[in-house]
Structure formats: C-alpha cells, structure tokens
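> Here you go, sequence then predicted model.
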Amino acid sequence: MLVYEFMRPADQIITCKHSDTIESVVDKVLDNKISAVIVVKNENTPVGIVTKTDLTRAFRKGVALDKTVDSCMSTVHLLTINKNVPHDAAAAIFNSNKVHHVIVVEDDGKLAGIVTAWDVAREGWLDNKAWPWNRHALM
C-alpha cells in the first residue's frame with residue numbers, strides 16, 4: 001500500500017500562510033477539530049507545520065496571539081514524504097523521528113496531503129485484519 005492510498009488529500013487539509021496570526025491558526029485547529037495546520041507559500045508548497053504541541057509551547061512561552069505563525073511553526077527538519085512511498089517506509093519515518101504528522105508531497109514538491117501516525121497504524125491494522133483476503137472487501 002502506498003501513502004497516497006491512505007493519506008488525507010490536499011483538498012481536505014487546512015492550511016495557512018506564514019504571515020497568519022497564531023490566533024487564526026488556533027481558531028482553525030479548534031473549529032475544524034484537527035491537530036495540525038500546514039503552512040504553505042505560493043502555489044501550495046509546504047514550508048512548515050503548526051501542531052497543537054507547537055501552539056501549546058507558544059502559549060507556555062507567552063507568545064502573543066497576534067504574532068505570526070513564524071514564531072511557533074516547525075520548520076527545522078520539516079519532514080515530507082513522497083505520495084508514492086510504501087506504507088512500511090512511512091512507518092519507519094514516524095518511528096525514527098518520533099513525530100505524529102508528516103507532510104505528503106507530489107514529485108514537484110507541492111502539497112499532496114498529510115499522513116498521521118494514526119493513519120499508518122490504521123492501515124497496518126486493516127492489512128493485518130484482511131490477510132490473506134483483499135482488505136478493500138472489508139471497507
């Protein structure tokens with residue numbers, strides 16, 4: 001199974017610009033009941049991610065809500081994965097980096113989607129449950 005078969009596609013992802021305020025990102029997280037917002041620049045190229053953990057750290061440090069997400073987004077070693085990578089390779093990325101979200105990109109680097117540790121675990125469970133039958137028959 002390849003990542004694009006179980007990721008959340010780009011058209012279902014909440015994004016923001018690096019110039020958006022922390023408050024607007026908090027609103028997006030709460031209003032959409034999500035745990036991360038992908039920061040994009042022109043033409044949907046991911047440049048960062050803001051997670052609930054990032055927002056919690058910003059709150060703890062006393063960062064004002066009117067500051068831009070630049071002040072709290074994760075950009076160092078931004079993890080991306082190509083949409084055509086196999087499930088097991090994606091699982092290895094989560095395991096070795098101890099993260100909960102990885103941005104999925106197209107061959108040209110544009111945003112394709114997002115995959116979470118939960119998505120990877122669910123796919124492993126479904127594959128195991130379906131063996132030796134076709135797992136798509138279970139859905």
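On my side now, so go ahead. Numbering: from 1, shown residues only.

> Provide a complete list of residue ranges assigned to strands in the protein.
8-9, 15-16, 36-41, 45-51, 80-82, 101-105, 111-116 (DSSP state E).

> Now mean pLDDT, distance to residue 90 and mean neighbour count too, for these, in JSON lines please.
In this view, the C-beta of every residue, glycine as well, is placed from N, C-alpha and C. Formatted as JSON lines, those follow (pLDDT from 0 to 100; distance: least, C-beta to C-beta, whole Å; neighbours: other C-beta atoms under 10 Å):
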{"stretch": "strand 8-9", "mean pLDDT": "95", "distance to residue 90": "13", "mean neighbour count": "14"}
{"stretch": "strand 15-16", "mean pLDDT": "96", "distance to residue 90": "21", "mean neighbour count": "18"}
{"stretch": "strand 36-41", "mean pLDDT": "95", "distance to residue 90": "16", "mean neighbour count": "22"}
{"stretch": "strand 45-51", "mean pLDDT": "94", "distance to residue 90": "16", "mean neighbour count": "20"}
{"stretch": "strand 80-82", "mean pLDDT": "95", "distance to residue 90": "6", "mean neighbour count": "17"}
{"stretch": "strand 101-105", "mean pLDDT": "95", "distance to residue 90": "7", "mean neighbour count": "23"}
{"stretch": "strand 111-116", "mean pLDDT": "96", "distance to residue 90": "6", "mean neighbour count": "23"}
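
> want to throw those strands into TSV with distance to residue 66?
Output for these, formatted as TSV (distance: least, C-beta to C-beta, whole Å):
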stretch	distance to residue 66
strand 8-9	29
strand 15-16	15
strand 36-41	17
strand 45-51	15
strand 80-82	29
strand 101-105	25
strand 111-116	26
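
> To residue 88, which of these lies closest?
strand 80-82 (12.1 Å; C-beta to C-beta).
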